[in-house]
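Peer 1: build me a structure from this.
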Amino acid sequence: MELLDKISRALNQILVWIAGIFLVTMILLTCANIFLRIVWMPVKGTFELMGFFGAIVTAFALGYTQIKRGHIGIDIVVDQFSAKTRGILNSINYSICTIFFAIAGWQIAKWATTLWKTGEITETLRIIFYPFAYGVALGCFVLALVLLVDLLKVLIQEEGPHA
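Peer 2: Down below sits the predicted model:
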């Protein structure tokens with residue numbers, strides 16, 4: 001389990017750095033587009049690039065955000081339960097979320113393969129779609145891995161005191 005946790009954290013660290021590079025690129029592209037719109041003409045294909053880059057930034061940051069517990073959570077009701085009940089609820093939640101994001105990653109990867117086979121490209125810049133779709137699928141798979149590690153931590157913690 002420790003090895004799985006280390007792999008998950010290392011993978012998420014790499015992905016969040018890549019997401020950061022894409023985010024900085026988005027900021028620079030936005031600034032360039034604004035400046036060039038004033039003095040001459042806007043950057044061609046900005047809308048397409050922002051969509052693709054935004055998808056990568058979001059997908060690659062999902063797992064890291066889960067590790068840091070940065071997602072929104074409403075614990076008002078759950079905090080009133082006993083530790084055992086919270087553990088059961090967390091187990092159920094992590095199980096459902098792991099399955100959901102694994103299936104989402106699989107379906108997005110299937111869609112990316114279809115885009116690859118059909119040669120789908122963007123209208124303005126003629127950029128191929130499928131690498132970005134595979135990137136989003138990767139983000140979903142990595143989030144599923146993080147959620148699986150969280151599930152295993154909850155299960156091991158519950159079993160630990162009783163052993």
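Peer 1: now stretch 68-84, how far from the chain's geometric center?
Peer 2: For stretch 68-84, the distance between its averaged C-alpha position and the chain's averaged C-alpha position is 21 Å (C-alpha atoms, centre = their mean, to the nearest Å).
Peer 1: got it, and stretch 67-78?
Peer 2: Put simply, stretch 67-78 sits 17 Å off its chain's centre (C-alpha atoms, centre = their mean).
Peer 1: ok, and what's touching it?
Peer 2: With contacts defined as C-beta atoms under 8 Å, 6 or more residues apart in numbering, stretch 67-78 is touched by 8-9, 12, 65, 86, 89, 146. All C-beta spots, glycine's among them, are computed from the backbone N, C-alpha and C.
Peer 1: and if we set it to 10 Å?
Peer 2: Identification of contacts with stretch 67-78 by C-beta atoms under 10 Å, 6 or more residues apart in numbering yields 5, 8-9, 12-13, 16, 61-62, 64-65, 81, 85-86, 89-90, 93, 143, 146, 149-150.
Peer 1: and for stretch 99-109?
Peer 2: Stretch 99-109 is touched from outside by 59, 62-63, 66, 130, 133-148, with contacts defined as C-beta under 10 Å, 6+ apart.
Peer 1: ok, residue 131 to residue 61 distance?
Peer 2: If you measure residue 131 against residue 61 using C-beta to C-beta, to the nearest Å, the figure is 18 Å.
Peer 1: go on, residue 155?
Peer 2: Taking C-beta to C-beta as the measure, residue 155 and residue 61 are separated by 26 Å.
Peer 1: swap in residue 88?
Peer 2: Using C-beta to C-beta, one gets 29 Å for the distance from residue 88 to residue 61.
Peer 1: try residue 81
Peer 2: Counting by C-beta to C-beta, the gap from residue 81 to residue 61 is 30 Å.
Peer 1: same thing with residue 71?
Peer 2: Note on residue 71: its distance to residue 61, by C-beta to C-beta, is 11 Å.
Peer 1: more neighbours, the two?
Peer 2: Each of residue 71 and residue 61 had its neighbours counted (other C-beta atoms under 10 Å), and the higher figure belongs to residue 61 (22 against 8).
Peer 1: go ahead and confirm that one touches residue 23.
Peer 2: Yes - contact status for residue 61 versus residue 23: in contact at 8.7 Å, counting by C-beta atoms under 10 Å.
Peer 1: all set, thanks.
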